[in-house]
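1. When you get a sec, could you give me coordinates for this:
(2 chains)
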Amino acid sequence: MILEVRNLTKAFGGLKPVEEVSFRVMHGVILSIIGPNGAGKTTLFNCLTGIYSPTKGHVLFEEKDVTGKKPYEVTAKGVARTFQNIRIFGSMSVLENVMIGQHTRSKEGFLSAVMKTAKFRREESEIKSKAYEYLEFIGIADYADADADSLPYGDQKRLEIARALATEPKILLLDEPAAGMNPQETIELMKLINRIKEWGKTVILIEHDMKVVMGISDRIIVLDHGVKIAEGTPKEIQNNPDVIEAYLGKEDIF
Amino acid sequence: MIKALLFILWISFLSLPFMGIKGALFLLFGISFAYGIFLAVKKSSIIFKEVKMPGISYEPRILYIVIFIILLALPFGLKDYYLDVVILAGIYIILALGLSVVIGFCGLLNLGFAAFYAIGAYACALFMTKAGLGFWGALPLSILITMISGFILAFPALRLHGDYLAIVTLGFGEIVHLTLNNWDSLTHGPNGISGITVPFIFGFALGSLSHYYYIVLIFVLAAIFIVRRIYYSRTGRAWLAIREDETAAEAMGINTTKYKFLAFAFGAFWAGLAGALFASKMRFVSPESFTFMESVFVACMVILGGLGSIPGVIFGSLLLVVLPEALREFQLYRMLALGTGLVLMMVFRPQGLIKPKTTINHRGH
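-> Alright, predicted model coming up:
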């Protein structure tokens, strides 16, 4: 078990976008979190990555409590994420975006940069070559020198994944990676996520595209109005009456 | 094109109250003419690009050496008055580089930067007149004090973002200015502090203008060198990431609070240095030199030159110090021209005169 969420609640005043949600994530699986709009999926992600501090409950990463830790601390421990609306560093080059991801895995500071010590240069070139590797893995190494915001939409989304991978995470959280992608790009994305899994990383994704969700997930969690209403394999979820109700509404007999 | 014409019309209209109809018409035609020339040059430069220019290959190193030799020889060829302007420009380059770390790299809009400049200058002046220290003893101490004041401002300020941060820094600038103006027992209020001695090296007084020129030159080169090295390091990248998107930067594992503190302190470092140089160059400091307009002036240098671009900041500082001196007759219109220039820049070239290089291959040295 790599991640455990216990009775997690996040309240904004009287509004509870996430309420008493618990689940466990095993090492090396792909877990999808689905649910109608406003079900609290992104809020849950924000609680897991430290952007929000949960009102109640705990988040345990590798058996250690990480509840309420700062985002950069969570990232340093090995949880990386992408964002629903793209948040790349637009005016920096594609390669630099990925180099930023290496921040927690490097340490040379102020003085060594001014003196340009041998250690500093070694670390810089290491960061650069690793960043290239991630770009190659994602398949956008050709654009390494381009400004990040000059990339087409789909490549910006992939750049975000490369940048998240560069933090060397154990869990990767993807917030709607397939949103706005055409069918061809979506198929590429599914292959990519499977390759990340084969690499030994755990992936949690929020996704609306059911082809993606049913195609690659090992397990699925369904949220509705902030509450977990179902959990299981894709097969189980497809036949779950509660889920069908949440998505399509209750059948009115009269 | 239409946007530009409307803009010219608007600027002329705004100038009506204080330039009269004749002046406004003059401005209208003047700017339109200038814009026409700009368009023509732009068009011809596109044509030029199509004609392949024979490649002139030169070693940038040689260019740097030539510039360096010119800089070294400058005091021998310039009249004292011009040398004075160049020294002032040098001090402003250091100051603007410091602010460029805060605004340009880290994206924290600081509108009270003159406060740090003032603290550096006053600390140096007080250490030299009251504590009897020499310039070289007072310099590191005043830089240290400026950095500490940078930390003190950073504590409340870093919880804020954008506009709110700008207002707090603006308030800080005013507080420092008012304190200097009213703390008579320490700062002599509006009368300022005089009697600051010149720097000595091995008992040799560095009192003449050309001596100051070389002192300032050394520090300017050091500032450019160090700021550049930091810009191309892990720290510099972290700052840029915070500027681009703070939430994403934190999700990438950057301790944003720590790096913002660092930016404030690093910026204050250069402001302290510039202030100390200013104090010993003028041999006199008074609150008048550190008003809100001074902060705006330095911010203009950074923004005009190009946010986050080191050559841009140098160019912007030179432009804004040398141009007003060259156009002394039009001093009345200085602020007008500055304002117009800034608005024009924001409309037509928001990235500044010199756009920072982003691609890593250009960045590699």
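2. In CSV, could you pull the C-alpha coordinates for the helix or strand harbouring A:L111?
-> According to DSSP states H and E, A:L111 maps onto helix A:110-115. These are the backbone C-alpha positions of helix A:110-115, laid out as CSV (Å, rounded to 0.1, in the frame of the first residue of the first chain):
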residue,chain,number,x,y,z
PHE,A,110,23.9,30.3,-4.1
LEU,A,111,27.6,30.4,-3.6
SER,A,112,28.5,27.4,-5.7
ALA,A,113,26.5,29.0,-8.6
VAL,A,114,28.4,32.3,-8.3
MET,A,115,31.8,30.4,-8.1
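3. Show me what counts as buried in it.
-> By 16 or more other C-beta atoms under 10 Å in any protein chain shown, the buried positions in helix A:110-115 come out as A:S112, A:A113, A:V114. Every residue, glycine included, has its C-beta placed from N, CA and C.
4. Could you do stretch B:9-24 as well?
-> B:I11, B:S12, B:L14, B:S15, B:M19, B:A24.
5. what do you get for stretch B:222-231?
-> B:A223, B:I224, B:I226, B:V227, B:R228, B:R229, B:I230, B:Y231.
6. for those, which one is nearest B:A276?
-> B:A223 (12.9 Å; C-beta to C-beta).
7. Let me know whether my guess that the closest one is in a strand holds.
-> No. Counting by DSSP: H, G, I helix; E, B strand; the rest coil, B:A223 falls outside a strand, being helix.
8. Remind me what the helix ranked longest in chain B packs against, helices and strands.
-> Counting by DSSP state H, the longest helix found in chain B is helix B:2-50. Where contact means 3 or more C-beta pairs under 8 Å, 6 or more residues apart in numbering or on different chains; DSSP states H and E, helix B:2-50 is packed against helix B:334-348.
9. how much does the helix it packs on deviate in direction from helix B:2-50?
-> Orientation check (axes from the mean of the first three to the mean of the last three C-alpha atoms, to 10 degrees): helix B:334-348 against helix B:2-50 gives 70 degrees.
10. Render the CA-only coordinates of helix B:334-348 in PDB, please.
-> Extracted in PDB, the C-alpha atoms of helix B:334-348 (Å, rounded to 0.1, in the frame of the first residue of the first chain):
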ATOM      1  CA  ARG B 334      10.500  64.500 -18.100                       C
ATOM      2  CA  MET B 335       7.700  62.700 -16.200                       C
ATOM      3  CA  LEU B 336       5.300  63.100 -19.100                       C
ATOM      4  CA  ALA B 337       7.800  61.600 -21.500                       C
ATOM      5  CA  LEU B 338       8.500  58.800 -19.000                       C
ATOM      6  CA  GLY B 339       4.800  58.000 -18.500                       C
ATOM      7  CA  THR B 340       4.100  58.200 -22.300                       C
ATOM      8  CA  GLY B 341       7.100  55.900 -22.900                       C
ATOM      9  CA  LEU B 342       5.900  53.400 -20.400                       C
ATOM     10  CA  VAL B 343       2.400  53.300 -21.800                       C
ATOM     11  CA  LEU B 344       3.700  53.000 -25.300                       C
ATOM     12  CA  MET B 345       5.900  50.100 -24.200                       C
ATOM     13  CA  MET B 346       3.000  48.300 -22.500                       C
ATOM     14  CA  VAL B 347       0.900  48.600 -25.600                       C
ATOM     15  CA  PHE B 348       3.400  47.800 -28.300                       C
END
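11. which helices and strands does it pack with?
-> helix B:2-50, helix B:292-305.
12. Buried deepest among those helices, which one?
-> helix B:292-305 (a mean of 22; mean count of other C-beta atoms under 10 Å in any protein chain shown).
13. Show the contacting residues for the closest residue to A:V59 other than its chain neighbours.
-> Using C-beta to C-beta, 6 or more residues apart in numbering or on different chains and skipping the chain neighbours, the partner closest in space to A:V59 is A:T67 (5.0 Å). By C-beta atoms under 8 Å, 6 or more residues apart in numbering or on different chains, the contact set of A:T67 is A:S53, A:P54, A:G57, A:H58, A:V59.
14. Correct me if wrong, but the third one is in a strand.
-> This points to A:G57. Yes. Per three-state DSSP, A:G57 lies within a strand segment.
15. Pull the number of nearby residues for it.
-> 18 (other C-beta atoms under 10 Å in any protein chain shown).
16. Go ahead and confirm it touches A:R6.
-> Yes. Using C-beta atoms under 8 Å, A:G57 makes contact with A:R6 at a distance of 5.4 Å.
17. Overlap of the contact sets of these two?
-> A:S22.
18. Report pLDDT for the closest residue to chain A within the stretch 1-150 of chain B.
-> Using C-beta to the nearest C-beta, the single residue of the stretch 1-150 of chain B nearest to chain A is B:G107, 10.7 Å away. Looking at B:G107, its pLDDT is 90.
19. same thing with B:T187?
-> Taking B:T187 on its own, its pLDDT is 87.
20. what about the residue lying closest to it once chain neighbours are set aside, is that helix, strand or coil?
-> Nearest residue to B:T187, sequence neighbours excluded (C-beta to C-beta, 6+ apart): B:L180, at 5.0 Å. Following three-state DSSP, the label given to B:L180 is helix.
21. Could you pull up the residues touching B:L180?
-> Per C-beta under 8 Å, 6+ apart, neighbours of B:L180: B:A118, B:Y122, B:T187, B:G189, B:P287, B:F290.
22. For the stretch 101-250 of chain B, which residues score under the pLDDT cut-off?
-> For the stretch 101-250 of chain B, no stretch is flagged by pLDDT under 70.
23. switch to 80 and redo it
-> B:161-162, B:201-207 (pLDDT under 80).
24. Just the strands from it, written as ranges.
-> B:193-194, B:200-201, B:204-205 (DSSP state E, counting those that start in this stretch).
25. Of those strands, flag the one that's most buried.
-> strand B:193-194 (a mean of 18).
26. residues making contact with that strand?
-> Residues contacting strand B:193-194 (C-beta under 8 Å, 6+ apart): B:Y122, B:A125, B:L126, B:T129, B:T187, B:R283, B:F284, B:V285, B:S286.
27. what about 10 Å?
-> Residues from elsewhere that reach strand B:193-194, judged by C-beta atoms under 10 Å, 6 or more residues apart in numbering or on different chains: B:121-122, B:124-126, B:128-130, B:180, B:186-188, B:279, B:282-286.
28. Now do the domain split for the chain, please.
-> Here I'm looking at chain A. Domain ranges of chain A: A:1-78+A:169-254, A:89-166, per automatic domain parsing.
29. that answer is for a different chain, and I need it for chain B
-> B:2-50, B:70-348.
30. Just after the top helix by length along chain A, pick out the following helix or strand.
-> Using DSSP H, we find that the single longest helix of chain A is helix A:118-138. Tracing the chain C-terminally past helix A:118-138 and defining elements by DSSP H and E, one meets helix A:153-165 next.
31. Kindly list the main-chain dihedrals of A:K64?
-> Phi and psi for A:K64, reported as degrees, to the nearest 10, are phi -110, psi 140.
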